[in-house]
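Student: Sequence below, structure please.
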Amino acid sequence: MNRAQVFGAERPVVGMVHLPALPGAPQHARSRDEIRARATDDATALEAGGVDALIVENFGDAPFYPDSVPPHVVAEMTAVTTAVREAVDVPVGVNVLRNDADAALSVAAATGSRFVRVNVHTGARLTDQGVVEGQAHETLRLRERIDADVAILADVAVKHSAPLADSPLDQQVADAIERELADGLVVSGPGTGESADESDLATVVEARDEVDPSVPVFVGSGVTAESVDELLALADGVIVGTALKRDGLTTNPVTRSRVETLVERAGSAR
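Tutor: Reported below is the predicted structural model:
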């Protein structure tokens, strides 16, 4: 995988475009035009601030479907992601919460996006949606069927979840790469905006190095301007959302100055 082509840089800073609740979700309150305007405003602020890539995510759709989202969500995600793709020149990725990898791949393929994030790609996790099981066998076969040139980022020790059984972290990494064919790994904290455990990150990187050093490891939550350089000394990239928002609140709009500050501080580590 060419990291620079997929993620815009060898050691990328990836910004989050958190969508407000889409039509059909319980907290839906904005028109389609307003949702697209918010998404494109955040995307252009992220690009102007210097991020290397973006992920579009249906963050506002809580409570989330555990597995498959209905067709109207796929349609809305496709429309918004298309608008984002047209507004920026950096690579775009897709995450369909809670765990609809088929929808994410389909949206990515239809919109020319370059990667997807899959929260539970392998194994099973106990979540607020119940037990969520990885469907790597289906995801990889769908990618072949629809001829999608889309990379798969798979979470390890997924946030907002707990394991159903003890499994060594290094074994999870080996399985994700060797058996479930993930193109990249994501290490997160226990929840959105919460820092990843650096010892877990070090374990994942070490295990990755033993299996396939070409597979990038991203930090997927809790990255701040104060921590980004230290995290990039261990990881190959970071995915940032909350720290780039006004007042550091996840649901607020992106603030360009916050993006510029974090990207500048990441520069020394890249």
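
Student: tell me the mean pLDDT over stretch 229-245?
Tutor: What stretch 229-245 shows for mean pLDDT is 95.

Student: and that stretch, how far apart are its ends?
Tutor: Stretch 229-245 has an end-to-end distance of 19 Å (Cα to Cα, to the nearest Å).

Student: buried set for that stretch?
Tutor: 231-232, 234-245 (16 or more other Cβ atoms under 10 Å). Backbone N, C-alpha and C define where each C-beta goes, glycine included.

Student: L244 versus A233, what's the distance?
Tutor: 21 Å (Cβ to Cβ, to the nearest Å).

Student: Sheet partners, orientation included, of the element among helices and strands of the chain having the smallest mean pLDDT?
Tutor: In the chain, no helix or strand scores lower on mean pLDDT, DSSP states H and E than strand 161-163, which sits at a mean of 77. Strand pairing for strand 161-163, determined by DSSP bridges: strand 124-127 (antiparallel).

Student: picking that back up, Provide the contact partners of the least confident helix or strand of the chain at residue level.
Tutor: 119-120, 123, 125-127, 132, 157 (Cβ atoms under 8 Å, 6 or more residues apart in numbering).

Student: What's the first helix or strand after it?
Tutor: Later in the chain than strand 161-163, the nearest helix or strand by DSSP states H and E is helix 169-174.

Student: which residues touch that following helix?
Tutor: So helix 169-174 is contacted by 122-123, 156-157, 185, 200, 203-204, 206-208, 210-211 (Cβ under 8 Å, 6+ apart).

Student: how about 6 Å then?
Tutor: The contact list for helix 169-174 (Cβ atoms under 6 Å, 6 or more residues apart in numbering) reads 156, 203-204, 207-208, 211.

Student: Show me what the helix or strand harbouring I239 is packed up against.
Tutor: Element membership for I239, per DSSP H and E: strand 237-240. Helices and strands touching strand 237-240, by 3 or more Cβ pairs under 6 Å, 6 or more residues apart in numbering; DSSP states H and E, are strand 13-18, strand 217-219.
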